[in-house]
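Asks: pasted the sequence and its predicted model underneath.
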Amino acid sequence: MRRIRTGRAFIAAVLVAVLFLIYLAQNGSFGAIEALGITNAALPLALVAAGETFVILTNGIDLSIGAVVTMTNVTCALVAGKGHGILAVLLALAVGIGAGLLNGLVVSYSGIAPLIATLATSSIYTGIALIVLPTPGGTVPVWLSNVTAGSVHSVPVAAFWLVGGIATGWAILHRLPFGIYLQALGGSESASWSAGVSVVRIRILAYVASGFYCGLAGIILAGLTQSGDPTIGAVYLLNGIAAVVVGGTSLVGGVGTISGSILGALALALVSAVLLVSGLSTNYQYIVTGLIVIGALLASSLQSKVELRRLAHEPASEEAAA
Amino acid sequence: MQAPTGTPPPALVARQIHKQYGGVLALDGADISINRAEVHALLGENGAGKSTLVKVIAGLVRPDAGEVLVDAQPLVMGSPQSSRSAGIAVVYQELSLVPQLSVMHNIVLSALPVRRGWFARDRAVAIAREALARLGISDINVKAPVSSLPLDLRQMVEIAKAMRHEPRILILDEATSSLGDAEVQRLFELVRGLRSRGTTVVVITHRMHEVWALADRMTIFRDGRTVGQHGIDEIDQRTAVNLMAGRDVRAVYPQKRQVEATEPALELRNVRLRRGQRPWDLSLTRGEILGLGGLQGQGQRHFLHWLYGDGPGRGEVIRHGRRVQIRHPGDALRNGIVLIPEDRGAEGLHSSLPVRWNLAMATLSQRSRFGLIDMRAERRMTTENVDQMSIKVGSPFQPASSLSGGTQQKVVIGKYMEADPEVILFVDSTRGIDVQTKFELYEMLRRLADNGTACVLYSSDTEELAGLCDRVAVFNDGVPARMLEGDDVSQHSIVAASFAVVREGM
Amino acid sequence: MKSRLPRTYVRPLEVAVPFALVVVALLGGWLTTNGFLSSNHLSSLGQTAGYVGIIAIGETLVLLLGGIDLSLPYTINLAAILIAGFQAGGMSSTSDILLVLLVGAGIGLANGIGVAVLGISPLVMTLGMNSILQGVSLIYSSGSPVGQAPSVVTTISTGWWHQIPYVDVLWFVLTIVVTLVLVFTTFGRGIYAIGANRRASALSGLPVRRTVVVGYVLSALAATVGGMLLVGYSGQAYLGQGDEYLLPAIAVVVIGGTSIFGGKGSYVQTVAGALLITVIESILVTVNVNQSGQDILYGGIILAMAYVNQVALGDRARLGPLSVRLGAFRGWLEPVRRRPEADSPRNPTEGS
């Protein structure tokens, strides 16, 4: 037990480093413009992935993330378009939280599996988004764009958000009771319950967190594209989960980090950047993403197996048999 | 059970607790009365209801009827929080730790130290270290994940966790099952220390010598009911065991036979379950019952699963003089080897599927042609099997989950018996089974052996091993270190050998 | 726990309820629209249901196994693009179809190997595969797919025999085949067993890996056939053709009552689910509910039916205690219980 355990986010970090190097090799330089493009692309995905991490840590899943992003995005754009910038942001956040709350309540109280429940609610949220804004529209005040997608002395604001996200994520998981309960719940629900952890409440909060982060992503997307779009969120479902997986969070629950998911999102954003800069058609992005996701999971499970074997003193028989 | 006036009320009283799970009557009017600052043992066979009663007291399970009083105050049923506030702490046999979390997180989980809303990690570390130090342990890295610790240390963490709130009543439910000698002694010291400080300790264990070494009084359970309550001096081991079993235990086991040295059923050569072990050989004779003894976790399970094609390991398996490859259970079945798994629910049965399907599961290819199942043959098989194994079932399409524990075990065994095995591997198959069914199984085992089937029996019950087996291989660290035969096969010698081979470090 | 002793494994009630709801829905349609029950309309409803129904064959099998297949959208799309592309390239119809089916089988094989042999979570494996297939589709078609389906496919897809669409004939035949396989073959029995308890199935000597792989192959094949039929129907292949079939494919299985965590259900129930969804959608369209309303109602119906099936009809596929993870993907497929497994039959007999 003297050896350092490679963190769960290890693979994602390596991936980011490797991709970054490839990018440099292909592009020759990495200046403000490049940084802006990459971080702006990564940020919404990173937020969505961070939110999804909360849910996956509790051994659940949230498939409505794409739809919630859409819903909050159009809400923000619509209300901001009517001239109420701050209200737009607050309302969008409220919508995200509300969606998460509904998800959490359904999952906790109806007995429906999270997969099905969030699949169903995603349809509901998509429908709501269409009602709010049937076609792309709305506008966004300049200050919002600056706060989300601008630069400060040639350092992208998004970079601050990303770093802030990593720091907050770490703090929540490791220094707030909520984070510890979250990991306990995902690791062993029965142990948590017998320790007096309010399993239901933590689970609902996890889904609320997911909704909240999706709300943030929707707002940032509004700032980025300076409008609302009822189809904008769809792509974030698959990519969001991909980022979480790449980030090293286990789908079995209880193991994982938010930082990992954010790094995973960064890695995925770098993939398309690298492809772009290498002159390869962006069509390849899908293939590469798919391979990375699968590969990351394989690497992750390999990492776990190696760790277990190294740290276990018992003849692994009783553990490894299953 | 009336305390004389002037003495304090009993620390813990349970009255007429009833609990039923579907078809299983776990508790049928259980009573206990435990005095303050005493060490009280709960004895009973597997399935007698002790664990369920503990869960009721701990608030994890709400009983159908009955009440629990702590210091004469009634306890709120079904609330772990309220049991905890009443000063009750339980250390379970199945660990209730979160494997991914660190030792310190697990120990403080029920009451996280918090400083202005933030988790106070430094205090958690201190609390954890202190809790472990009280148990005499100072060499565990409290920041390491629990999953990285070996079983006995995990058990220690579990105990430290229970001790954290300085409980008034500490319940140890089979807490020593994963512990080595030294840890058990440490635990005894702890228990005695607790008693002298006024804590009440309830001990549930199968190890008789522990009871007489530690306890002041005992309560004996059978079939979910209290059948006796005695001071430690009022009763001897033999009587207690008889009360637990409900009959004179000596007469339980079927008559052993002298096994003729005929052709071996299986020969195992150069077996190595783990890298770095020295290879060993084993020969299994037709018609014999071979027991696997030794302390728990010494590789007995690993060995059986490897032989069945379900686990890592290396070695040659020779059957009828020819070497065979067993890479997965299908191969084993084809070679006449079956394994009755330990965990009925997770490994042995398809609980949600009908009994008929369960019985057919291991021999589907026998009753099918070109992949099509012969339904009539299956129906016939089911009827015959149900009859032969005397499986009490209403309809063959009932889900297996609706059966009692003992009947479920019969279904598992019936399923594998369909494969007409030459070798049967039993992995602790009589755990949690009612006495009646257990005896039926013993009879069946002896009949099988007499008919030429070789049985390998791993049991955590040394008495069972002694009573049933012709030979006993005592395992240590994945290797059968010593073989007991003939008259050497007795409960006492098995236990002695289990400890001896550890000391010899073979 | 009284058990009404059933004669077969699938309780009649589980099949009857979804079909009864179909009848109710049809009545609802009849009440709201003239001509809803006309033979023309019914046939076209059947035709529409057929596409989802056939695609959902695969999803049913995979869900019964306890897994999931999220690679449907681009398996469908790739199949559509390929069959049209091959036709445009001048290959013969038969070799086209066979080649596309081969590709589909290959996709399923990859999925199955990833899940069964490499132990990758089906969610991730099929999600990743979907992404890969999306890339392949884009690259192959260079963004604009060409061609049409072979005429035989078009005929099956759009043609009717008297009042019965050929698609439904195909669907009917497939339903019978799939049901026979599930009920009467060792493979089918294995699917239920593995879904119910993978570990016990392995210990009983069942060929778990092989069965899982074949399951995913069949799932991809069903999607492939669906993709070809879709091209036949719309006359061309286009990108995104398969996207709108993922949610419905899963939804109809769930609505039909097949358990999301495996080992319980049947394809017949999925058929009912497909019919139900199609009828309800049709009602919504004729009542002029717009897209958003449809989406919302869709989600609501899935929730309602999932609740009815998973909770009310007693879908308690107990896999053993929560702490035993039989396959790394179970967690998000299991319904959340308010009190964990401390309160279960297994525990009292365990240990003491």
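Replies: Structure received. Since the structure is predicted, the reported quantities are computational estimates derived from the model, not experimental observations. Numbers count the residues shown, from 1 in each chain, chains lettered A, B, ... in the order given.

Asks: for chain A, which segments count as helices?
Replies: Ranges of helices within chain A are A:10-27, A:32-57, A:65-81, A:85-110, A:114-132, A:142-149, A:157-175, A:177-187, A:189-194, A:199-225, A:234-246, A:258-277, A:283-311, A:317-320, based on DSSP state H.

Asks: which among the ones you listed is found nearest to C:S219?
Replies: helix A:114-132 (16.4 Å; CB to CB). All C-beta atoms are positioned from the backbone trio N, CA, C, and that covers glycine.

Asks: next, the angle helix A:32-57 makes with that closest one.
Replies: Interaxial angle, helix A:114-132 versus helix A:32-57 (axes from the mean of the first three to the mean of the last three CA atoms, to 10 degrees): 130 degrees.

Asks: helix A:114-132 - what's its average pLDDT?
Replies: For helix A:114-132, mean pLDDT rounds to 92.

Asks: repeat that for stretch B:213-224.
Replies: Stretch B:213-224 carries an average pLDDT of 87.

Asks: what residues sit buried inside it?
Replies: For stretch B:213-224, burial by neighbour count (16 or more other CB atoms under 10 Å in any protein chain shown) applies to B:214-224.

Asks: same deal with stretch B:100-118?
Replies: Residues of stretch B:100-118 classed as buried: B:100-110, B:112-113 (neighbour count, 16+ other CB under 10 Å).

Asks: could you pull out the helices for the stretch 251-400 of chain B?
Replies: Assigned by DSSP state H, counting those that start in this stretch, the helices in the stretch 251-400 of chain B fall at B:300-307, B:329-334, B:355-360, B:375-388.

Asks: and these: which comes nearest chain A?
Replies: Comparing the helices of the stretch 251-400 of chain B by their distance to chain A (CB to the nearest CB), the top pick is helix B:300-307, with 3.2 Å.

Asks: check the offset of the closest one from the chain's centre.
Replies: Relative to its parent chain, helix B:300-307 has a centroid offset of 17 Å by CA atoms, centre = their mean, to the nearest Å.

Asks: one step back: just the closest of the buried residues of stretch B:100-118 to B:N385, please.
Replies: B:Q100 (42.7 Å).

Asks: check contacts around that closest one.
Replies: A:183, A:186-187, A:254-255, B:145-147 (CB atoms under 8 Å, 6 or more residues apart in numbering or on different chains).

Asks: tell me the confidence at it?
Replies: We have a pLDDT of 86 for B:Q100.

Asks: can you classify it by secondary structure?
Replies: coil (DSSP: H, G, I helix; E, B strand; the rest coil).

Asks: mind checking how far it is from A:L57?
Replies: For B:Q100, the distance to A:L57 equals 10 Å [CB to CB, to the nearest Å].

Asks: what is in contact with those two at once?
Replies: Common neighbours of B:Q100 and A:L57, using CB under 8 Å, 6+ apart, are A:183, A:186, A:254-255.

Asks: format the residues you listed as a markdown table; extra columns: distance to chain C and neighbour count.
Replies: Converted to a markdown table, the shared contacts of B:Q100 and A:L57 look like this (distance: CB to the nearest CB, whole Å; neighbours: other CB atoms under 10 Å in any protein chain shown):
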| residue | distance to chain C | neighbour count |
| --- | --- | --- |
| A:Q183 | 14 | 25 |
| A:G186 | 8 | 30 |
| A:G254 | 9 | 24 |
| A:V255 | 11 | 22 |
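
Asks: what number of residues lie near B:E260?
Replies: B:E260: 9 surrounding residues under other CB atoms under 10 Å in any protein chain shown.

Asks: distance of it from B:A454?
Replies: Relative to B:A454, B:E260 is positioned 13 Å away (CB to CB).

Asks: now the common contact residues for those two.
Replies: When contacts are counted by CB under 8 Å, 6+ apart, B:E260 and B:A454 are jointly contacted by B:G287.

Asks: OK, contacts around C:R11?
Replies: Applying CB under 8 Å, 6+ apart to C:R11 gives no contacts.

Asks: whoops, I mixed them up, A:G218
Replies: Neighbouring residues of A:G218 by CB under 8 Å, 6+ apart: A:44, A:68-76, A:92, A:96, A:233.

Asks: that one: what's its closest spatial neighbour, skipping adjacent residues?
Replies: Excluding its sequence neighbours, the residue lying closest to A:G218 (CB to CB, 6 or more residues apart in numbering or on different chains) is A:T72, at 3.1 Å.

Asks: A:L270 too?
Replies: The spatially closest residue to A:L270, leaving aside those adjacent along the chain, is A:L19, at 3.9 Å (CB to CB, 6+ apart).

Asks: pLDDT score assigned to the residue nearest to A:G218?
Replies: Looking at A:T72, its pLDDT reads 94.

Asks: and for C:A222?
Replies: So, for C:A222, pLDDT stands at 96.

Asks: does chain C sit close to the host helix or strand of B:V13?
Replies: Here B:V13, judged by DSSP states H and E, is contained in strand B:12-21. Yes - applying CB under 8 Å from any CB of the partner chain, one finds strand B:12-21 touching chain C at B:19, B:21.

Asks: need the helices of the stretch 251-400 of chain B in TSV with mean pLDDT, mean neighbour count and distance to chain C, can you?
Replies: As requested, those are exported to TSV (pLDDT from 0 to 100; neighbours: other CB atoms under 10 Å in any protein chain shown; distance: least, CB to the nearest CB, whole Å):
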stretch	mean pLDDT	mean neighbour count	distance to chain C
helix B:300-307	92	25	9
helix B:329-334	94	20	4
helix B:355-360	94	26	7
helix B:375-388	91	15	7
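
Asks: looking at these, spot the one closest to B:L284.
Replies: Closest approach to B:L284 among the helices of the stretch 251-400 of chain B (CB to CB): helix B:300-307, 9.6 Å.

Asks: residue ranges with poor pLDDT in chain A?
Replies: A:1-6, A:253, A:308-322 (pLDDT under 70).

Asks: center of it, which residue is that?
Replies: Centre of chain A computed as the mean C-alpha position; nearest residue by CA atoms, centre = their mean is A:A49, 0.7 Å away.

Asks: how much space between that residue and chain C?
Replies: A:A49 is 14 Å from chain C, where distance means CB to the nearest CB, to the nearest Å.

Asks: hmm, that residue is touching A:V245, no?
Replies: No - between A:A49 and A:V245 no contact is recorded; they are 9.4 Å apart, counting by CB atoms under 8 Å.

Asks: overlap in contacts, these two.
Replies: Counting by CB under 8 Å, 6+ apart, the common neighbours of A:A49 and A:V245 are A:G264.

Asks: you'd agree C:S43 is up against C:Q163?
Replies: Yes - contact status for C:S43 versus C:Q163: in contact at 5.1 Å, counting by CB under 8 Å.

Asks: these two: who's more crowded?
Replies: Neighbour totals were compared for C:S43 and C:Q163, and C:S43 leads with 16 against 11 (other CB under 10 Å).

Asks: ok, that one to C:G50 distance?
Replies: Using CB to CB, C:S43 is found at 10 Å from C:G50.

Asks: what is in contact with those two at once?
Replies: C:165, C:168.

Asks: hmm, stretch C:173-186 touching chain B?
Replies: Yes - shown here: stretch C:173-186 in contact with chain B (CB under 8 Å from any CB) through C:184-186.

Asks: return the subset of the residues you listed lying in helices.
Replies: Short answer: the residues of stretch C:173-186 next to chain B in helices (DSSP H) are C:184, C:186.

Asks: out of the residues of stretch C:173-186 next to chain B, which are buried?
Replies: Buried subset of the residues of stretch C:173-186 next to chain B (neighbour count, 16+ other CB under 10 Å): C:184-186.

Asks: need the residues you listed in a markdown table (columns: pLDDT and distance to C:T224).
Replies: Output for these, formatted as a markdown table (pLDDT from 0 to 100; distance: CB to CB, whole Å):
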| residue | pLDDT | distance to C:T224 |
| --- | --- | --- |
| C:F184 | 93 | 25 |
| C:T185 | 94 | 22 |
| C:T186 | 95 | 25 |
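
Asks: for these, which one is nearest B:L468?
Replies: C:T186 (35.6 Å).
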